[in-house]
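K.L.:
following is a predicted model, sequence given first.
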Amino acid sequence: MTEPSVPDAAPEENGTAAETTGEGAGLDASAAETERKIIQNADFSLETLNYDQTVADIETLVEMSGGYIESSQTTGSGATGDYYRARWASFTVRVPAEGLQDFGDALSECGSVTSSYYYTEEVTDYYYDTEAHLRSLELQEERLLEILSKAEQLSEVIELENSLANVRYQIESLQGTLRRLDSQVALSTVNISVQEVYEYSPE
């Protein structure tokens, strides 16, 4: 059945309707801006004359930033007999995305930053496409459950249960994808390398 068309409302003489429309459009634009899904990450390389202190400062900075160290690796042994092998460390840390810039600025107090690289990835479309696909599968699951509750033949039951298993697998996969994206958007991944040196490289 064709739904009756609703005529457009006549504009009010005092301009209230137009003003409200303009204000609503502004709110919609603001809402769309806050709903963007952007992954922000960064890489840093540092040199240090005081390796132990720099490593300790980085660990403290990560904790104070509300983040955590995801992984770390060290090489070199420092002083060994008559030899000294310069030490090197790498960290992969997760810090709140809204504090990424401040975290990067604070790293300069831990050592000499020789390189820094910030990069972002827009995943808004992919995120909401995944959400829409998930909702579609959830509706499909509901319909299959409804049909299954009325099925009488064993062959039909088996076929429906196989379809349900496949749909539920896809649902769990998409839910995992959304959780991963939410984590990547909320927490930035920062890769930090620290090199022990006798003197800083020229700027």
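P.N.:
Structure received. Numbering: from 1, shown residues only.
K.L.:
list the contacts of the closest residue to Glu131 other than its chain neighbours.
P.N.:
Once flanking residues are discounted, Glu131 sits nearest to Leu178: 6.7 Å by C-beta to C-beta, 6 or more residues apart in numbering. Yep, even glycine has a C-beta here, placed from its N, CA and C like the rest. Listed by C-beta atoms under 8 Å, 6 or more residues apart in numbering, the contact partners of Leu178 are 127, 130-131, 134.
K.L.:
tell me which element Val167 falls in.
P.N.:
helix 154-186 (DSSP states H and E).
K.L.:
can you give me the buried ones in that helix?
P.N.:
Under the neighbour-count criterion of 16 or more other C-beta atoms under 10 Å, helix 154-186 has 160, 164, 167, 170-171, 174, 177, 181, 184-185 buried.
K.L.:
can you give me the strands in this protein?
P.N.:
With DSSP state E applied, the chain shows strands at 38-48, 68-75, 78-80, 83-85, 88-96, 112-122, 187-196, listed in chain order.
K.L.:
now Gln73. Nearest residue, chain neighbours left out?
P.N.:
Leaving aside its chain neighbours, Gln73 sits nearest to Ser90 (4.9 Å; criterion: C-beta to C-beta, 6+ apart).
K.L.:
below-threshold pLDDT in this protein: ranges please.
P.N.:
Residue ranges of the chain with pLDDT under 70: 1-34, 77-84, 203.
K.L.:
quick one: residues contacting the residue nearest to Gln73.
P.N.:
Residues in contact with Ser90 (C-beta under 8 Å, 6+ apart) are 72-74, 191-194.
K.L.:
pull the most distant pair out of the residues you listed.
P.N.:
Thr74 and Asn191 (14.8 Å; C-beta to C-beta).
K.L.:
between these two, which one's more packed in?
P.N.:
Shown here are Thr74 and Asn191; by other C-beta atoms under 10 Å, Asn191 has more neighbours (16 against 13).
K.L.:
how near is that one to Phe103?
P.N.:
Computed as C-beta to C-beta, to the nearest Å, the Asn191 to Phe103 distance reads 12 Å.
K.L.:
among the buried residues of helix 154-186, which one lies nearest to Pro202?
P.N.:
Nearest to Pro202 among those: Gln184, at 36.4 Å, using C-beta to C-beta.
K.L.:
burial measure for the residue nearest to that closest one when sequence neighbours are not counted, as a count.
P.N.:
Residue nearest to Gln184 in three dimensions, not counting chain neighbours: Ile39, with 4.7 Å by C-beta to C-beta, 6+ apart. Applying other C-beta under 10 Å, we find 18 residues neighbouring Ile39.
K.L.:
pretty sure Ile39 is touching Tyr127, no?
P.N.:
No. Here Ile39 does not reach Tyr127: they are 10.1 Å apart, not a contact under C-beta atoms under 8 Å.
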